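Asks: Would you be able to build a 3D model of this:
(chains A and B)
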Amino acid sequence: MSGREQTRDDSLARLLQAYRRTADQADELVFPNGSLRPVWQDLMAHLAQLTPEEIEMRFTRGDRYLRDAGVFYRKYETEGPAERDWPLSHVPVMIAETEWDRITAGLIQRADLLERVVADIYGENRLVADGFLPPSVIAQNPAWLRPLVGITPPGGHFLNFVAFEIGRGPDGRWWVLGDRTEAPSGAGFALENRTASSRIFPNFFARSDVRRLSGFFRAFQQAMEPTAGPDGKKGRIAILTPGQMNDAYFEHTFIARHLGLLLTEGEDLTIRKGRVMVRTVDGLQPVSVLWRRLDAETCDPIELAATSQLGTPGLVDAVRQGGVRMINALGTGILETRALMSFLPKISRAWTGGQLTLPNIATWWCGQPRERDHVLANLDRMMIGSAYSTRLPFDAGDGTSIGGGTNLEALSRRLATEGRDLVGQEAVTLSTTPAWSDGGLVARPMVLRVFLARTRQGWQAMPGGYARIGSGANTAAIAMQQGGTVADVWVVGDSKPPTEQITAAPSVVTRAHLQEAEALPSRAADNLFWLGRYLERAEGNMRLFRAYHDRRGSGMPVEQPLMQVMQGFIAPGSQNLPTPPAKLAQSFEVPLEAAFRSASRVRDRFSVDGMVALHDVVDASRKMSITPMSADDIPRKVSVLLRKITGFSGLVHENMYRSMGWRFLSLGLSLERAANMCTLLSQLCQDDAPDGALDLVLELGDSAMSHRTRYAGAATAASVCDLMALDDTNPRAVLYHLSRAKTHIDHLPGSSENGRLAPMARLGLQVHTRLAVETPETLSPAKLTGLRLGMWRLSDLVSTTYLS
Amino acid sequence: MRYDIRLRINHDYPGAGGIGRHQIRVVPADIPGRQALTVQQLVVTPAAAEYITRKDFFGNSTTMVMHDTAHSQMSIAMRSQVEIFPLSGNFDTSVTLNELPREIASITSLSADAPHHFLGASPRLPPNQDMAAYSRACVSPGMTTRDAVEAVGARLHADLAFDAQATTVETPAAEAFAVRRGVCQDFTHIMIICLRSLGVPAAYVSGYLRTEPPPGQPRLEGADAMHAWVRAWCGKDAGWVEYDPTNAVEPASDHVVVAFGRDYDDIAPVQGILRSSGPNVSAQSVDVIPSASQVRNA
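Replies: Predicted structure coming up:
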């Protein structure tokens, strides 16, 4: 053995020093005798040549990528859902190509069987008639949606995009733990896992023959491509998301951006003559394909769960009339219920004459005496839970318990009376795979999630990308909600590495696609418009707040008239009352939070940098509000906030594509800024205004320097009015923003028809003209107040014309 | 017996409703051997932009209407003529409670009439321990299912007070049972939970009651609005048997069936979503009178 090999073996031993496989679990990394499996050798050799510090530095690089890319999931906590960084387990899971191909062949066979089963459950019901399914398993199943019975899904298939959770048992065989047929998530996260892991192992990844993921999405996108509707028009492809409170919302926005699909929520859609239409600022536009990420029950408050706020009234009827292709069809969630698993093996034998090559874990439906007895006789290796649950057997939270150790008599009574609603499932032992912990590798339980998409060439599997890793040796802690993590999965073999880039935009995106993606749902426009208004309101109030505390800091008494006027602006109605800074700070904290909420709902329309920058401002403001501050501190800290918020505005301005969405955002900003300046001028730019009022206006308008350059001598009411109201070249002046607002309005859909101005365009022109003809001498407070009212009327008109 | 039936439901939206979609189930059913629908008319005002009538899963006539312009009032007017056939024989052919599970299991079908839909929990009706204990006390295992249905229904009728103030359309059955008060919807929901706890498939029936009783008979409770009662599956031979717990009678010629389902939510007369800014107020009136032609003949 050469010295170099010796060193390599030593470092490998160090890397694996803490790695313990257990005797009763399969292990992905090492054989029972402790030697490395071939598929891992290259990666381990690569890791072994790095020091623990170098390894951690690389892992940090992956985490930084994910954070910068804004990848998050929502964790449901007692005090409400919170955004959490994506929990990447940095060491990918290695699977050999030959084994992977066996897995996917088995899953494709399974997907085909599931398609036939669900078609029968919503169709002929042969399975019930022939005794393969007990009627109550369907009839009592909350996931069986009666309004969908008898409907053949438009497009012909119930299932188009499915996932399977699979685990490896102690004997090395793979088992299906759960079928995900409703609206599986994770495929978008898998792409981000891949990008992160390719940053962690840049050179290694580039020369390895890991199967690439991007072709999968391209093929699926082609398959979704809609055909023309009855009116000859091709509708759009939209993603239907439950909204930003969903744990996988990031993924919905990611896929929308990645594939150029329209991101919609239930309230964006409306049903007309059996077709799904999306409300956009340009009127109703047809949607032909709906990739739903919403549970079917919540999709239609009329025919499905009436309590749902998320759905679209009439959606089921649109499906019935063939007006929309759903991915997946409504009602397919029934395949996820555990009880189904106990019947699939027999159905497969009867229908295909063969076994499922990738079977699910053994499941016994306790509505039958023989199965019930078997469960009772084998309690210590049995998980007992609801027959209709769709969770994995070891996912906590639905009352599933291991049978052993419970009161036998009570349990057998429960099985006898409620057996129909219960299943026993063989307790799962998962294989272990390496995860990084405390400077070395440790063995952790693992579940693979494999995605299948129906393409024009039939089912295609996403080659790797997603595995869940337990946080401890315990299999129960594998769910992300319980601290589990997610690893990339590398399928490696001897074929040549494809040359395609993983992050390249899908090649099928043509100019036409891009134009389609520009359709702006009214809800998105509404959020962008209000984002503009709230941001500007927050910024304006920050400037006021800073100016107020600046003056206080330099000894100006709060009773002073100017201070009282300012306090009135910041906290209307608080004049002559002692008001603590925390109360005054709400004047910008509240609109800032509102801006953040609006932005969160249109995440797909921002660059990741934009979202990060806004997050920064909000974070800083929240931190400021919980740390006690001395009066001297305030102006400095608010200046930091101001720089951050203008930084965000700058990003939006510099980087946001000049789309319709940008116009709404910019319009909101201009109207708010112009209206607020009118308020300031009407009170501060008058003969009877308190001392220092004119300088205050210039300070709040960030125009003190411009004033010095343009006017000789001290500020006068006329000079300030000229600069802050009538100057079309000052980006802080009212006229400047009215000009911009007018331009935006002229570009909105329907602003003029056959040469005639629409009401909004007319009002925009009127308000602009009313100011443009004024001079500093003629512009009275009453006129300023009138102008401000005109702007608010414009804002209302925007809402009623485009946003409702 | 032949009836002229009129129903009018008015919805007022003081906040001016916008786009609305409603699913309506108010037209009497056509049930061979039970009742025949000879005339029907359903008018929605203002006229709907879209109007589709179809059968739902349980075979109930269901009309979906869509309004795409603002309106501050919507009315639903239904007129129909129905002939109710006399019951042919009234022998108890039902199986005993003990035999019922095997009878149920022998039905390998999920058709609308199959008993399997009407056991266990349904969206509005979770199982309830108190009602299960209450029901057990009403019956003995050797009883025929039909006797058991009547025993539970009669006991409920005796124990529950008809009280329109005690509950609303949203009140859970368990709450109404706790105070032993309610209207026909509550009586029906409670009885369904009770029967299901005994393993008897039980369904919710909506319909109409004859407004004025025949001479010399008391006026039935629930005749002023749409009514509800129960139907229970009593075995393969006996099939579905109806029982009205509000009036402690087996519906015969005075009950006109509109729809059946697992509970109220499956067959609410009007289910709707309206984008409106204010509360909405609704009023309902029902007339079920023997047809004039028949009165002349009598």
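Asks: contacts and neighbour counts: CA atoms only from here.
Replies: Fine.
Asks: Confirm that residue B:76 sits in a strand.
Replies: Yes - assessed by DSSP: H, G, I helix; E, B strand; the rest coil, residue B:76 belongs to a strand.
Asks: Would you check that it makes contact with residue B:22?
Replies: No - between residue B:76 and residue B:22 there is no contact under C-alpha atoms under 8 Å: 10.7 Å.
Asks: which stretches of chain B have low pLDDT?
Replies: Residues of chain B that meet the criterion pLDDT under 70 lie in B:14-18, B:88-89, B:274-281, B:293-298.
Asks: can you list the residues of it near chain A?
Replies: B:21-23, B:50, B:56-57, B:108-110, B:116-117, B:119-122, B:271-273 (C-alpha under 8 Å from any C-alpha of the partner chain).
Asks: What about the residues you listed, which are in strands?
Replies: B:21, B:22, B:23, B:50, B:271, B:272, B:273 (DSSP state E).
Asks: Pick out the most distant pair among those residues.
Replies: B:50 and B:271 (15.7 Å; C-alpha to C-alpha).
Asks: in the longest helix belonging to chain A, what's buried?
Replies: Identified as the longest helix of chain A according to DSSP state H is helix A:522-553. Using 16 or more other C-alpha atoms under 10 Å in any protein chain shown as the test for burial, helix A:522-553 gives A:522-550, A:553.
Asks: how about the residues of chain A that lie near chain B?
Replies: Residues of chain A lying near chain B (C-alpha under 8 Å from any C-alpha): A:125, A:128-131, A:134-136, A:139-140, A:146-147, A:149, A:273, A:301-302, A:313-314.
Asks: Inside helices: which ones of those?
Replies: Per DSSP H, the subset of the residues of chain A next to chain B in helices is A:128, A:129, A:135, A:136, A:139.
Asks: and residue B:260, what does it touch?
Replies: Residue B:260 is in contact with B:58, B:60, B:203, B:204, B:205, B:206, B:266, B:267, counting by C-alpha atoms under 8 Å, 6 or more residues apart in numbering or on different chains.
Asks: Using a markdown table, lay out these together with secondary structure and distance to residue B:224.
Replies: Formatted as a markdown table, these follow (DSSP: H, G, I helix; E, B strand; the rest coil; distance: C-alpha to C-alpha, whole Å):
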| residue | secondary structure | distance to residue B:224 |
| --- | --- | --- |
| B:58 | coil | 26 |
| B:60 | coil | 22 |
| B:203 | strand | 22 |
| B:204 | strand | 19 |
| B:205 | strand | 17 |
| B:206 | strand | 14 |
| B:266 | helix | 22 |
| B:267 | helix | 19 |
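Asks: how would you label the closest residue in space to residue B:225 that isn't next to it in sequence: helix, strand or coil?
Replies: Spatial nearest neighbour of residue B:225, excluding adjacent residues (C-alpha to C-alpha, 6 or more residues apart in numbering or on different chains): residue B:286 at 5.4 Å. Counting by three-state DSSP, the backbone at residue B:286 sits in strand.
Asks: burial of residue B:286, as a residue count?
Replies: Each residue near residue B:286 was counted by other C-alpha atoms under 10 Å in any protein chain shown, and the total is 20.
Asks: again with the one 3 residues further on
Replies: When counting by other C-alpha under 10 Å, one arrives at 18 neighbours for residue B:289.
Asks: Among the ones in helices among the residues of chain A next to chain B, name the buried ones.
Replies: So, by 16+ other C-alpha under 10 Å, the buried ones in these are A:128, A:135, A:136, A:139.
Asks: Would you mind giving these as TSV with pLDDT and distance to residue A:333 added?
Replies: What follows is these, written out as TSV (pLDDT from 0 to 100; distance: C-alpha to C-alpha, whole Å):
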residue	pLDDT	distance to residue A:333
A:128	97	18
A:135	95	17
A:136	93	17
A:139	96	14
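Asks: In a markdown table, list these along with distance to residue A:670.
Replies: Formatted as a markdown table, these follow (distance: C-alpha to C-alpha, whole Å):
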| residue | distance to residue A:670 |
| --- | --- |
| A:128 | 64 |
| A:135 | 63 |
| A:136 | 62 |
| A:139 | 58 |
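Asks: got any ranges where the stretch 401-550 of chain A has weak pLDDT?
Replies: In the stretch 401-550 of chain A (pLDDT under 70), the answer is A:401-406, A:474-481, A:494-518.
Asks: mind listing the helices for it?
Replies: In the stretch 401-550 of chain A, helices defined by DSSP state H, counting those that start in this stretch lie at A:408-418, A:511-517, A:522-553, listed in chain order.
Asks: residues touching the nearest residue to residue A:262 once chain neighbours are set aside, list them.
Replies: Setting aside the residues directly before and after it, residue A:262 is nearest to residue A:238 in space (C-alpha to C-alpha, 6+ apart), at 4.5 Å. Neighbouring residues of residue A:238 by C-alpha under 8 Å, 6+ apart: A:261, A:262, A:263, A:264, A:287, A:289, A:290, A:291.
Asks: Once you drop chain neighbours, what's closest to the third one?
Replies: Counting by C-alpha to C-alpha, 6+ apart, residue A:239 is the residue found nearest to residue A:263 once chain neighbours are left out, at 5.0 Å.
Asks: How many residues are close by the one you found?
Replies: 23.
Asks: How about the contacts made by the residue of the stretch 251-400 of chain A found nearest chain B?
Replies: The nearest approach of the stretch 251-400 of chain A to chain B comes at residue A:302, 6.3 Å away (C-alpha to the nearest C-alpha). If you count contacts by C-alpha under 8 Å, 6+ apart, residue A:302 has them with A:313, A:314, B:22, B:23, B:271, B:272, B:273.
Asks: Cool, thanks, talk later.
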